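>>> Below are the sequence and a predicted model for it; my questions follow.
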Protein chains: 2
Amino acid sequence: MGRIAVTDGISEEAKSLLEKSGHEVVVKFYSMDELLDGALANFDAVIVRSATKITAEVISASKPGISVIGRAGVGVDNIDLQAAGKAGISVVNAPRASTQSVVELTIGHLLSSVRKVPKSDRSLRDGQWAKKAMKGSELSGKTLGLVGFGRIAQGVGAIAQVLGMTVHAFDPYLPPKVAKSQNTRLHKSVEDLFSNCTHISIHCNLTEETHHLVNYEMINKMPGKSPDGVKCGNHIVNCARGGIVNEADVLKALNDESLTTAALDVFEVEPVRADYELCQHPNFHGTPHIGAATIEAQRRVGTDISKNVMSVLKGKKCDYIVNKKYL
Amino acid sequence: MGRIAVTDGISEEAKSLLEKSGHEVVVKFYSMDELLDGALANFDAVIVRSATKITAEVISASKPGISVIGRAGVGVDNIDLQAAGKAGISVVNAPRASTQSVVELTIGHLLSSVRKVPKSDRSLRDGQWAKKAMKGSELSGKTLGLVGFGRIAQGVGAIAQVLGMTVHAFDPYLPPKVAKSQNTRLHKSVEDLFSNCTHISIHCNLTEETHHLVNYEMINKMPGKSPDGVKCGNHIVNCARGGIVNEADVLKALNDESLTTAALDVFEVEPVRADYELCQHPNFHGTPHIGAATIEAQRRVGTDISKNVMSVLKGKKCDYIVNKKYL
């Protein structure tokens, strides 16, 4: 059985899962100097989160050791996938661990937006009883537009339907039958999606194609009125990745009321700077990138990545190798 | 066709519904002096919300006019039901109009609590990026205890189940088969309910029996841990009526952390006073009694009460007469 370095922490459940399977687990953070000095050379695998940077140089310095790098999470920006592949190292991630947490946060942000929950709370704390000003609208009867229709969006769509929403989606990479099976109307362009939906939620990756996809022009295509004539306004939620939403445009649209509310968990620049104007807008509310920040997601990400790393170590099939094309 | 006084406003849709049916509608607020002076004597019906008080004296002064009083909403505390009944006047309400709105607000408060949405938003506005402090928990896998299992609680339970919660309820007035049909575990005592649930939501009327039903002792029966061992803490939401929850006890329980979060839409004293300590607690968030404060609920309450009033005027059967026993 192998030696596994865990450099950015892991849940207790995951550590004992690895140990019960016969692996030696060393939980320790290494500095870049230590990594370049071969700190990982005596390990068979390393499990990281986002703090440890596995560059091409770190990979060179880790020979003859590690044969698998596990990323406890989704994004692998901190790992040089190509260099790893060339060195014969599989990189695996754990993309499903946070699905339910992100789905729930998204629904929470949608309801918080239309019912002005954070705004009401601020108002109560300011000593107001602003019942009339806090009048909102129901999600029921409205159209929800999902940008991207992967596993998180599908989870959001399923709950939105139970709440009485009609679900639309735009996802150029999705087989149309998937949307059909979820009773979701798939649009051929993102413009079409925005023109049909009073509520938009983002569930795609950040790529050149999706950078600033949500901008002032797109927001101004939103109808502001539901199919049954309720003037519910336009609402945008982003719990996916910062940069997909053009935040300067969101602020402009909130100011001229073409956008009624905006709720963001992710931002173009994180951490958000203390005096960031958007975060002070009365019709904005936000959370500090906490989509996966739950007890359950963190527990699950540890056990998921441990299972994936062990599968590769044992030479078993693993569905979560993200650098196959470089191997 | 009759003359109908609308004293506390009504939606445009409702007004035109009444007029299209051939009724004359006078939308006008009358002072208590005007009411006692017989302002309603020349009307066949009156539709009120909560501002107009229909006392026994107002009923005497309204003879020989009104034969039906409509309350656009649920609560009829502002109408003397017995005096109306003795005078042969039916009192009708519109209890279903706000169901969906209250259901959605309840789910919004539950998600806002466990994911610290208002707390995160306050923190962002204060210039913090408190990602670690905002770690929360999922609703999925937890037990939701519903105090009262009427139409709103049943709606909340249905959505909670889709979110992955197990639903429990306490309702001594409910036929057990109703709970069974909703896949909900009915408890014989409220103590049992609290002992089994990490999340409690209130959906009963305020009566002598339910006054301060949620107190320090009851909160301390809550397990703080889900069946699968997640230390999610204890959470209480009240979107029903103020006074069911003992707010001094909630503050005490938040302070000693036997309660993790509290979210209230209704309070013992409304409006809440500006310096109310509970509203300033970091793990509290609130809204100013906005359960029914949506465009849709207000539209629906107008059309529902108009239909009910017209049914009685036409001598048709109406399921929403609330003073039958006095008629």
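That came through, no problem. Small disclaimer: the values here were computed from a predicted structure and weren't measured.

>>> only C-alpha atoms for contact and neighbour calcs from this point on.
Will do.

>>> Show me where the stretch 151-300 of chain A has its strands.
Under the criterion DSSP state E, counting those that start in this stretch, strands of the stretch 151-300 of chain A are mapped to A:166-170, A:185-186, A:199-202, A:235-238, A:261-264, A:284-286.

>>> so what secondary structure elements neighbour the longest one?
When contacts are defined as 3 or more Cα pairs under 8 Å, 6 or more residues apart in numbering or on different chains; DSSP states H and E, strand A:166-170 sits against strand A:143-147, helix A:151-162, strand A:185-186, helix A:190-196.

>>> what sits up against stretch A:300-317?
Outside stretch A:300-317, the residues within contact range by Cα atoms under 8 Å, 6 or more residues apart in numbering or on different chains are A:2, A:10-11, A:13-15, A:17-18, A:44-45, A:47, A:67-73, A:90, A:92-94, A:96-98, A:318, A:320.

>>> Only C-alpha atoms, please: export it in PDB.
Provided in PDB are the C-alpha atoms of stretch A:300-317 (Å, rounded to 0.1, in the frame of the first residue of the first chain):
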ATOM      1  CA  ARG A 300     -17.900  14.300   0.700                       C
ATOM      2  CA  VAL A 301     -15.000  15.900  -1.200                       C
ATOM      3  CA  GLY A 302     -12.500  14.100   1.100                       C
ATOM      4  CA  THR A 303     -14.000  10.700   0.800                       C
ATOM      5  CA  ASP A 304     -14.700  11.100  -3.000                       C
ATOM      6  CA  ILE A 305     -11.100  12.200  -3.800                       C
ATOM      7  CA  SER A 306      -9.700   9.400  -1.500                       C
ATOM      8  CA  LYS A 307     -11.700   6.800  -3.400                       C
ATOM      9  CA  ASN A 308     -10.600   8.200  -6.800                       C
ATOM     10  CA  VAL A 309      -6.900   8.300  -5.800                       C
ATOM     11  CA  MET A 310      -7.100   4.800  -4.400                       C
ATOM     12  CA  SER A 311      -8.700   3.600  -7.700                       C
ATOM     13  CA  VAL A 312      -5.800   4.900  -9.700                       C
ATOM     14  CA  LEU A 313      -3.200   3.500  -7.300                       C
ATOM     15  CA  LYS A 314      -4.800   0.100  -7.600                       C
ATOM     16  CA  GLY A 315      -4.900   0.400 -11.400                       C
ATOM     17  CA  LYS A 316      -8.700   0.400 -11.400                       C
ATOM     18  CA  LYS A 317     -11.000   2.300 -13.800                       C
END
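
>>> tell me which residues of it are tucked away?
The neighbour-count check on stretch A:300-317 (16 or more other Cα atoms under 10 Å in any protein chain shown) flags A:300-310, A:312-313 as buried.

>>> just to revisit the earlier point, which of the helices and strands packed on strand A:166-170 sits closest to B:Tyr326?
Of all the helices and strands packed on strand A:166-170, it is helix A:151-162 that lies closest to B:Tyr326, at 40.5 Å by Cα to Cα.

>>> Between helix B:151-162 and the closest one, find me the angle.
160 degrees (axes from the mean of the first three to the mean of the last three Cα atoms, to 10 degrees).

>>> Against which helices or strands is helix A:151-162 packed?
In terms of contacts (3+ Cα pairs under 8 Å, 6+ apart), helix A:151-162 is packed against helix A:99-114, strand A:143-147, strand A:166-170, helix B:151-162.

>>> Check the helices and strands packed on strand A:166-170 for me and report the most buried one.
Each of the helices and strands packed on strand A:166-170 was assessed for mean neighbour count using mean count of other Cα atoms under 10 Å in any protein chain shown. The highest is strand A:143-147, with a mean of 28.

>>> The strands of the stretch 151-300 of chain A into JSON lines, with extra columns for mean pLDDT and distance to B:Met222?
Listed next are the strands of the stretch 151-300 of chain A as JSON lines, based on pLDDT from 0 to 100; distance: least, Cα to Cα, whole Å:
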{"stretch": "strand A:166-170", "mean pLDDT": "98", "distance to B:Met222": "37"}
{"stretch": "strand A:185-186", "mean pLDDT": "96", "distance to B:Met222": "43"}
{"stretch": "strand A:199-202", "mean pLDDT": "98", "distance to B:Met222": "35"}
{"stretch": "strand A:235-238", "mean pLDDT": "98", "distance to B:Met222": "33"}
{"stretch": "strand A:261-264", "mean pLDDT": "98", "distance to B:Met222": "32"}
{"stretch": "strand A:284-286", "mean pLDDT": "98", "distance to B:Met222": "30"}
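
>>> Relative to B:Tyr30, tell me which of these wins on proximity.
Each of the strands of the stretch 151-300 of chain A was scored for nearness to B:Tyr30 using Cα to Cα, and the closest is strand A:261-264 (37.6 Å).

>>> If you count contacts, what does the closest one end up packed against?
helix A:99-114, strand A:235-238, helix A:247-255, strand A:284-286.

>>> List the buried residues of stretch A:226-245.
For stretch A:226-245, burial by neighbour count (16+ other Cα under 10 Å) applies to A:226, A:230, A:232-245.

>>> Next up, phi/psi of the nearest residue to A:Gln82 once chain neighbours are set aside, please.
Among residues not flanking A:Gln82 along the chain, A:Tyr326 sits closest, at 5.5 Å (Cα to Cα, 6 or more residues apart in numbering or on different chains). With angles defined as degrees, to the nearest 10, A:Tyr326 sits at phi -100, psi -10.

>>> I figured A:Tyr326 hits A:Asp80, correct?
No: counting by Cα atoms under 8 Å, A:Tyr326 stays clear of A:Asp80, with 10.6 Å between them.

>>> For the residue nearest to the spatial centre of chain A, give me its contacts.
The central residue of chain A, meaning the one whose C-alpha is nearest the mean C-alpha position (Cα atoms, centre = their mean), is A:Ala240 at 3.8 Å. Shown in contact with A:Ala240 (Cα under 8 Å, 6+ apart): A:202-205, A:265-266.
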